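Trainee: Can you look at this prediction? I've put the sequence above it.
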Amino acid sequence: MTFHDFCALTTALAATRSRLAKTALTAEFLGRLAPEEISPGVAFLTGRPFPASDPRTADVSWATLSEARDELPAAPDAATLTLLDVPGAFADIAAASGPGSKRRKIARLRMLLAVATDDERRAIHTILLGEMRIGLQDGLVQDAVARAAGVDPELVRRAGLFLSDHSMVARIALTEGAVGLRQVGPRLFVPLLPMLAELSEEFGEVLEAHGGRTALEFKYDGARIQIHKHGETVRIWSRRLTEVTDSLPDIVELARADLRGDAMILDGEVVAVGADGRPLPFQELMRRWRRVHGIEATAREIPLALYLFDCLMLDGRSLIDEAYEARWRALERVTSGAHLARRVVATDPKEADAFLAKALVAGHEGVMAKATDSPYAPGSRGKRWFKVKPAETVDCVITAADWGSGRRRGWLSNYHLAVADAEGGFAPVGKTFKGLTDDEFREMTGRLRGLAVQDDGYTVTVRPQVVVEVAYNEIQRSSQYLSGFALRFARITRLRDDDKGPQQATTLQDLQALYDKQFSTKGRREVRGV
C-alpha cells in the first residue's frame with residue numbers, strides 16, 4: 001500500500017457526508033492492507049502517529065513542524081512513499097530524546113517531508129498534530145472494520161471495549177476473523193474502558209431499577225484509576241486510558257505491599273487529602289497529577305488516599321461477567337478489607353438518603369448505586385449503575401459561542417458562560433457544550449446569530465442576553481478566566497431568559513460565596529510561605 005493511497009482516502013472521506021459511504025470507503029481501504037500495514041493504517045485514520053496502546057509519542061509541535069518545513073525542496077510530483085515508510089520515520093522521531101533531540105527530530109522530519117508530495121506532507125502534518133478531521137468517529141471505524149473482515153459488528157465493538165485500541169482490534173479482525181475476536185477479553189497491562197453510570201436525583205428510581213436492593217458506595221471526588229498488577233510489576237492508567245504509573249509512586253508501592261493475589265486488574269479512585277484526612281478539592285489533585293518533575297516531593301506535599309470498588313481480574317481469570325457481589329467479595333480478599341470504598345447495601349430510600357448525607361458531610365460528591373447482580377460492562381452506561389448527588393446550579397449569561405465540529409457542525413454549540421460582575425459587565429467562568437438536545441442546539445444557533453456582534457469564523461461573540469441555568473460539580477480557582485473561577489463539569493440544565501434577565505444572573509460575589517461554602521465539608525491545603 002502506498003501512502004498516496006491513504007491520502008486519497010482521507011481526501012474522499014473529508015468530502016463525504018454520508019456515514020454509509022464513509023464506512024464503505026474505509027472498509028475497502030482496510031481490506032487492501034497487508035497484515036503489517038493494519039496497525040499503522042488504522043492509527044493514521046484515527047489521527048494518531050502510533051496505535052492507542054503504543055506508549056510512544058512523537059512529541060512534535062507546530063513550531064517543530066514549521067522549522068522542519070523551512071528550506072524544503074519543492075515537493076516531488078511522483079508519490080514514492082509506502083504506507084510503512086511513515087511509521088518507520090515516526091518511530092525514529094519518537095526515539096530522539098535527550099540533548100539535541102529537537103535537532104534530530106527536525107532532521108528526520110525533513111528527510112521524510114523531502115520525499116513526500118504536497119498531499120502527503122499535509123497528511124503527515126495532520127497525523128503528527130492529531131488533527132485528522134475526516135469524520136471518522138469510533139463507531140464508524142468499528143463498522144468499517146467489521147465490514148472489511150466480514151464479521152458481526154458487535155464482535156468488533158466488544159473487542160474494542162477490552163482492548164481500547166482500534167488498531168489492535170482491526171488487526172485481530174482482519175487476520176483472525178470472528179474466532180480471534182471471540183477470544184478477546186481483559187488483558188493484563190492493556191487498559192480497558194471503565195464502566196459508566198447514569199445520573200439520578202432520587203433513590204426511588206434507583207431501587208425500582210435494581211429490583212428493590214442496591215449497593216451504595218461513596219462517590220469520591222478524585223481521579224479514577226485502573227491498577228494492573230502481576231508480581232512486583234504494577235502499572236496504572238487513568239480514566240482516559242493514559243498511563244500514570246510514574247505520577248503515582250505512592251500508589252504503586254501501596255499496591256505492591258497491600259494487594260494480595262496475582263495477575264489482577266482493579267478499578268478505583270485516588271483522592272487528595274489534607275493533614276486532617278479530609279478530601280481536598282479536585283483541583284489540588286490535578287496539581288499533583290500533572291507533575292512531571294519533583295514527583296516524590298509533591299507526593300509528600302499532597303498525599304493520596306486510594307479507594308477501590310471493583311475487581312475485573314484476579315489470578316489471571318476475568319471476573320467482568322461475574323455479578324457485582326462476587327466481584328466485591330474478590331476485592332475484599334485482595335485488599336483484606338483495606339482501601340475499599342465505603343459501602344452499604346440498601347433496600348429503603350430513607351436508608352439510602354442517610355448514606356448519601358454521610359457521604360456529603362464527609363466531603364464527597366455523593367454516592368454510586370450499583371445493581372448487585374450487574375456484570376462489569378466496559379465503556380457502557382446504563383441503569384445498572386447510577387450516580388446520585390445533589391446538583392448545584394448557577395445562572396449564567398452566554399457571551400459567545402464556538403462553531404461545532406463533527407455531529408455538531410453548523411451549530412453554535414460550545415457556549416462561553418459568564419456571571420455578572422460589580423461593574424455591570426460579565427465575568428467569564430467557563431464553557432460547555434453539554435445539556436441541550438439537537439433541536440435546542442439548532443434553536444440556540446439561530447438566536448445567538450441574531451445577537452452576534454463579531455464572528456472570526458470560529459467564535460461568535462454575542463450581546464449578553466441569553467440566561468441559562470448551569471449545573472456544575474465544583475467551583476475551582478482559575479487563572480484562565482478574568483473572574484478567577486471556573487465551573488468544573490458545567491452543563492446547561494434549562495433556559496432562564498424567559499424569567500431572568502442578564503442582570504439577574506448569578507453575581508461574582510455570589511460565586512465567591514459558593515466557592516467558600518465548599519470548604520465547609522472539604523479540606524483546604526495550606527501553602528507555606530503564602
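Mentor: Received it, and whenever you're ready, just let me know what you need.

Trainee: Tell me the spacing between residue 433 and residue 262.
Mentor: Distance of residue 433 to residue 262, given as CB to CB, to the nearest Å: 44 Å. All C-beta atoms are positioned from the backbone trio N, CA, C, and that covers glycine.

Trainee: more neighbours, these two?
Mentor: More crowded of residue 433 and residue 262, by other CB atoms under 10 Å: residue 433, with 18 against 12.

Trainee: for the closest residue to that one other than its chain neighbours, helix, strand, or coil?
Mentor: Nearest non-adjacent residue to residue 433, counting by CB to CB, 6 or more residues apart in numbering: residue 414, 4.4 Å away. The three-state assignment at residue 414 reads strand, by DSSP: H, G, I helix; E, B strand; the rest coil.

Trainee: mind checking how far residue 414 is from residue 60?
Mentor: Note on residue 414: its distance to residue 60, by CB to CB, is 27 Å.

Trainee: of the two, who's got more company?
Mentor: Each of residue 414 and residue 60 has its neighbours counted (other CB under 10 Å); residue 60 has more, 23 against 18.

Trainee: For that one, give its distance to residue 383.
Mentor: 44 Å.

Trainee: next one: residue 363
Mentor: From residue 363 across to residue 383, the span is 28 Å (CB to CB).

Trainee: Compare neighbour counts for these two and give me the winner.
Mentor: Per other CB under 10 Å, whichever of residue 363 and residue 383 has more neighbours is residue 363, with 23 against 16.

Trainee: Could you report the pLDDT at that one?
Mentor: Residue 363 is assigned 86 on the pLDDT scale.

Trainee: Quick one: residues contacting it.
Mentor: Applying CB atoms under 8 Å, 6 or more residues apart in numbering, we find residue 363 in contact with 221, 278-279, 521-523.

Trainee: ditto for residue 376
Mentor: 195, 267, 310, 312, 319-322, 324, 327.

Trainee: Mind checking which of those are in strands?
Mentor: Of the positions in the contacts of residue 376, 267, 310, 312 sit in strands, assigned by DSSP state E.

Trainee: Was I right to think the last one contacts residue 319?
Mentor: So that's residue 312. Yes - with contact defined as CB atoms under 8 Å, residue 312 counts as touching residue 319 (5.8 Å).

Trainee: what sits in contact with each of these two?
Mentor: Listed as contacting both residue 312 and residue 319 by CB under 8 Å, 6+ apart are 327, 376.

Trainee: Now for the nearest residue to residue 146 once chain neighbours are set aside, how many residues are close by?
Mentor: Once flanking residues are discounted, residue 146 sits nearest to residue 153: 4.0 Å by CB to CB, 6+ apart. Applying other CB under 10 Å, we find 15 residues neighbouring residue 153.

Trainee: Repeat that for residue 164.
Mentor: Counted with other CB under 10 Å, residue 164 comes out at 20.

Trainee: any idea how far residue 397 is from it?
Mentor: For residue 164, the distance to residue 397 - CB to CB - is 39 Å.

Trainee: Please apply the same query to residue 510.
Mentor: 13 Å.

Trainee: now swap in residue 150 and tell me
Mentor: Residue 150 is 54 Å from residue 397, by CB to CB.

Trainee: Residue 487 in helix, strand or coil?
Mentor: Of the three states, residue 487 takes strand under three-state DSSP.

Trainee: So the closest residue to residue 25 other than its chain neighbours, which state does it fall into?
Mentor: Of all residues not flanking residue 25 in the chain, residue 12 sits nearest, at 5.6 Å (CB to CB, 6+ apart). For residue 12, the assignment made with three-state DSSP gives helix.

Trainee: burial count for residue 12?
Mentor: 15.

Trainee: Need the pLDDT of it.
Mentor: According to the prediction, residue 12 has pLDDT 95.

Trainee: Residue 193 too?
Mentor: According to the prediction, residue 193 has pLDDT 88.

Trainee: And it, which helix or strand is it part of?
Mentor: Using DSSP states H and E, residue 193 is not contained in any helix or strand.

Trainee: Show me the shaky parts of the stretch 151-300 of the chain.
Mentor: 290 (pLDDT under 70).

Trainee: Which stretches in it count as helices?
Mentor: For the stretch 151-300 of the chain, the helices defined by DSSP state H, counting those that start in this stretch cover 153-163, 166-182, 203-209, 249-258, 282-289, 295-301.

Trainee: So what touches the fourth one?
Mentor: Residues outside helix 249-258 that contact it (CB under 8 Å, 6+ apart): 225, 227, 229, 232, 234, 236, 245, 270, 295-296, 299, 303-304, 306, 335-336, 338-339.

Trainee: May I see the PyMOL selection of the buried members of the residues you listed?
Mentor: Buried residues within the contacts of helix 249-258, by 16 or more other CB atoms under 10 Å, are selected in PyMOL with:
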select buried, resi 225+227+229+234+236+245+270+299+303+304+306+335+339
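
Trainee: And the residue most central in space within the chain, how close does it get to residue 128?
Mentor: Centroid-nearest residue in the chain, with CA atoms, centre = their mean: residue 240, separated by 4.2 Å. Distance of residue 240 to residue 128, given as CB to CB: 20 Å.

Trainee: Next: residue 97.
Mentor: Per CB to CB, residue 97 is found 17 Å from residue 128.

Trainee: Comparing the two, which shows the higher neighbour count?
Mentor: Between residue 97 and residue 128, counted using other CB under 10 Å, residue 128 has the larger neighbour count: 22 against 10.

Trainee: Excluding sequence neighbours, find me the nearest residue to the more buried one.
Mentor: Counting by CB to CB, 6+ apart, residue 60 is the residue found nearest to residue 128 once chain neighbours are left out, at 4.7 Å.

Trainee: wait, the one you found sits on residue 96?
Mentor: No - using CB under 8 Å, residue 60 makes no contact with residue 96, being 10.0 Å away.

Trainee: which residues do the two both contact?
Mentor: Contact with both residue 60 and residue 96 is made by residues residue 105, according to CB under 8 Å, 6+ apart.

Trainee: what are the bridge partners for the residue nearest to residue 400 when sequence neighbours are not counted, then?
Mentor: Distances taken as CB to CB, 6+ apart put residue 416 closest to residue 400, at 4.0 Å, once the chain neighbours are dropped. Assessed by DSSP bridges, residue 416 has beta-bridge partners residue 400, residue 431.
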